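> Quick one, fold the following:
(one chain, ligands or ions: 1)
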Amino acid sequence: MKKIAIFVLCILILFLPLQVFAERKVPILLYHSIDEFKGHGSKELYVTPNNFEQQMMYLRDHGYTLLTFERWQDIDKVNKPIFITFDDGYKNNLNAFVVFQKVKTERFKPTGTIFVISDFIGRSNRLSRSDLKMMADSGLISVQSHTATHPDLTQIKNYRYELKESKGKIQQITGKPVITLAYPYGIFNDKVVAETKKYYLFGLTTTPKLFSKKGIKDELYLLPRIYIKYSTTLDDFAKIVEGE
Ligand SMILES: [Zn+2]
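As a prediction, this is how the structure comes out:
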């Protein structure tokens, strides 16, 4: 009996920690422009529509579940959760929307989050109100806030305008809740987090790593994101999302 008890105990000691500590790592990817690079701005902030399509097909064919922040609770329920995000609300994000439609299947529903700068909505190279409404209505895109004017949030005083007013304006356009803020330039401090908590459930940084739940204070306001760049090959992409 004693031997069996010790044996059982050993098995428990061997496997319990694995169960407890096998925290899943969740990639939150960051894109800007989905377009051919035509010489304007920084090339690494572009991903070509063709590369983007290859990347989304990779996720589809490797069993990933694309989530938006409304479904945060599902990271513990779905197979291989991943978040696709786009900053700055460029008009060319419509190309990403086209790719989503193209790679969609009965089993695979591509979804992503576009972080718009609310005062820039409708500028010539940015998404318009009707673009945002159309994409939000499709159920494939969640439109969230990247502030009103894209300031360094550690250097401002008018948090109400940048955080609350931008949220209100976007909600008024899409008719859907705005619960997530992407900090401009990924810059934040304790004050920024405290202000963000007043209006949002999540705050996104550009700390380049995968998310894993550690139970630390404010971790939902310090969510890390990994840049996908012009130069990111499909091989690099696979390594990033697999957490290698
Ligand atoms: Zn930005």
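> Touching stretch 235-244 from outside, list them.
By C-beta atoms under 8 Å, 6 or more residues apart in numbering, the list of residues contacting stretch 235-244 from outside reads 25, 27, 29, 55, 58-59, 62, 64, 82, 210, 226, 228, 232. To be clear about C-beta, it is placed using only N, CA and C from the backbone, and glycine gets the same treatment.
> Output that stretch as PDB, restricted to C-alpha atoms.
Extracted in PDB, the C-alpha atoms of stretch 235-244 (Å, rounded to 0.1, in the frame of the first residue of the first chain):
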ATOM      1  CA  ASP A 235       9.100  31.500 -41.700                       C
ATOM      2  CA  ASP A 236       9.700  34.400 -39.200                       C
ATOM      3  CA  PHE A 237       5.900  34.700 -38.900                       C
ATOM      4  CA  ALA A 238       5.500  31.000 -38.100                       C
ATOM      5  CA  LYS A 239       8.200  31.300 -35.400                       C
ATOM      6  CA  ILE A 240       6.600  34.400 -33.900                       C
ATOM      7  CA  VAL A 241       3.100  32.900 -33.600                       C
ATOM      8  CA  GLU A 242       4.400  29.500 -32.400                       C
ATOM      9  CA  GLY A 243       6.300  31.400 -29.700                       C
ATOM     10  CA  GLU A 244       9.800  30.200 -30.700                       C
END
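> Name the residues of that stretch that come out as buried.
237, 240-241 (16 or more other C-beta atoms under 10 Å).
> quick one on the thing from earlier: now the contacts of stretch 235-244 as TSV including distance to Ala96 and pLDDT?
TSV is the format used below for the contacts of stretch 235-244 (distance: C-beta to C-beta, whole Å; pLDDT from 0 to 100):
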residue	distance to Ala96	pLDDT
Lys25	24	96
Pro27	17	98
Leu29	11	98
Gln55	10	98
Tyr58	15	98
Leu59	13	98
His62	19	98
Tyr64	16	98
Ile82	15	98
Leu210	21	97
Ile226	17	98
Ile228	11	98
Thr232	15	98
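> quick one: Phe202 from the ion, how far?
Distance of Phe202 to the ion, computed by C-beta to the ion, to the nearest Å: 16 Å.
> neighbours around that residue, how many?
Phe202 has 19 neighbouring residues, counting by other C-beta atoms under 10 Å.
> Could you find the closest non-adjacent residue to it?
Of all residues not flanking Phe202 in the chain, Thr180 sits nearest, at 4.3 Å (C-beta to C-beta, 6 or more residues apart in numbering).
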